[in-house]
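Novice: Pasting a predicted model and its sequence here:
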Amino acid sequence: RQRRVREQDSVFGQPLEEAVKDNPLRIPNVLYYSVEYLRQHFKQEGLFRIPGTIKLVETLREMFVNAKKEKKSVMDIKSFSQFGPHVVASLMKTYLRELPEPILTFKLFDVMLKIAESPEDQHLPMITSSIRSLPEHNRTVLEYLMEFLVRVSQQSEYNKMTSKNLAIVFGPTLLRPEEISVEKTLSIPKLNIVVQKLIDAFEEIFGKTLETKKDRVVS
C-alpha cells in the first residue's frame with residue numbers, strides 16, 4: 001500500500017520515475033541538491049546520524065515544494081548554508097523514506113534478504129546481478145547515492161560514519177517490504193549487510209572507477 005502523500009506536496013512522496021523528470025541528470029532534485037551541498041561537508045561529525053532541527057527541516061522541505069510549484073528547476077545551493085549539514089542530511093533521509101517504493105524496489109526485498117543470509121563469498125556476484133535487474137532510473141539514482149556514501153565513508157576518521165554506520169542509517173530506507181509483518185520487520189537489520197556491500201564494493205558492483213577528489217573534501 002502506498003504511503004499517503006501530503007495534499008499540498010508535489011515533491012515528497014512522488015514515485016521515483018516521476019521525480020527524475022525534473023532533473024537533466026535523472027536524479028530527483030531533493031536528492032541532487034542535498035548531495036551536492038553535503039559534498040562540502042564530508043568531515044561533519046555525525047553526518048546522517050545527528051538529526052537536524054525539525055522546524056528547519058520543515059522549512060527546507062517547503063522550499064523544495066514551493067520551487068516545484070513555481071516551476072523552478074534550479075535551486076541555489078548557497079542558500080542551504082542557513083540550515084547547515086545536519087538539517088540537509090535529515091531532509092535527504094526523509095525524502096528517501098517517503099518514496100512510495102524504495103530505490104531498491106519491493107521486488108528485491110526478499111531477494112536481498114536471501115543474499116544477506118547466504119555465504120559471504122556469494123554476496124558480491126549476487127548483489128551485482130540483482131542491481132542489474134533494477135529499472136534504469138532506479139539504477140541511476142542508486143549509483144549516484146552510493147558514490148556519495150562512499151565519499152562520506154572515506155572521511156569516517158572525521159565524521160565517524162563508516163560504511164557499516166551508513167548502512168544502518170540507509171538500509172531501512174533503501175530496502176523495505178511492500179507488506180509489513182513482524183517477521184519481515186525483524187529481518188530488516190540483516191539487510192544492512194547488503195547496503196554496506198554496496199558502499200564497500202561500489203566499483204565492482206557498478207563497474208565504475210572512483211577518482212580521488214581530495215580538493216572537494218572540506219570540513
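Specialist: Perfect, I can see it now.
Novice: Is it correct that Ser118 is in contact with Met126?
Specialist: Yes: taking Cβ atoms under 8 Å as the definition, Ser118 is a contact partner of Met126 at 6.8 Å. Glycine gets a C-beta too; all of them are placed from N, C-alpha and C.
Novice: of those two, who's got more company?
Specialist: Per other Cβ atoms under 10 Å, whichever of Ser118 and Met126 has more neighbours is Met126, with 18 against 11.
Novice: Let's verify that one: helix, strand, or coil?
Specialist: helix (DSSP: H, G, I helix; E, B strand; the rest coil).
Novice: contacting residues around it?
Specialist: 115, 118 (Cβ atoms under 8 Å, 6 or more residues apart in numbering).
Novice: Tell me the confidence at it?
Specialist: With respect to pLDDT, Met126 scores 97.
Novice: any idea how far it lies from Lys164?
Specialist: Distance, Met126 to Lys164, using Cβ to Cβ, to the nearest Å: 20 Å.
Novice: Give me the number of neighbouring residues for the closest residue to Glu36 other than its chain neighbours.
Specialist: Closest residue in space to Glu36, ignoring its immediate chain neighbours: Ile77 at 5.8 Å, by Cβ to Cβ, 6 or more residues apart in numbering. Ile77: 16 surrounding residues under other Cβ under 10 Å.
Novice: buried sites along the helix or strand bottoming out on mean pLDDT in the chain?
Specialist: Here the helix or strand of the chain ranked lowest by mean pLDDT, DSSP states H and E is helix 182-187, holding a mean of 83. For helix 182-187, the buried set under the neighbour-count rule, 16 or more other Cβ atoms under 10 Å, comprises Ser187.
Novice: Now that helix - C-alpha only, CSV.
Specialist: The C-alpha trace of helix 182-187 is given here as CSV (Å, rounded to 0.1, in the frame of the first residue of the first chain):
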residue,chain,number,x,y,z
VAL,A,182,6.5,-8.8,12.3
GLU,A,183,8.8,-11.4,10.6
LYS,A,184,9.8,-9.0,7.8
THR,A,185,10.3,-6.1,10.2
LEU,A,186,12.6,-8.2,12.3
SER,A,187,14.6,-9.2,9.2
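Novice: Name the residues that touch that helix?
Specialist: 109, 113, 177.
Novice: after it, next one along is what?
Specialist: With elements assigned by DSSP states H and E, the helix or strand that comes after helix 182-187 is helix 192-200.
Novice: contacts for that next one?
Specialist: Against helix 192-200 from outside (Cβ under 8 Å, 6+ apart): 112, 115-116, 123-124, 127, 131, 142, 146, 149-150, 153, 163-164, 166-168, 170-171, 174-175, 205.
Novice: which secondary structure elements does the longest helix along the chain contact?
Specialist: Using DSSP state H, we find that the single longest helix of the chain is helix 136-154. Packing partners of helix 136-154 (3 or more Cβ pairs under 8 Å, 6 or more residues apart in numbering; DSSP states H and E): helix 16-19, helix 29-38, helix 123-132, helix 163-174, helix 192-200, helix 202-206.
Novice: start to end distance for stretch 168-180?
Specialist: 19 Å (Cα to Cα, to the nearest Å).
Novice: in that stretch, what counts as buried?
Specialist: Using 16+ other Cβ under 10 Å as the test for burial, stretch 168-180 gives 168-177.
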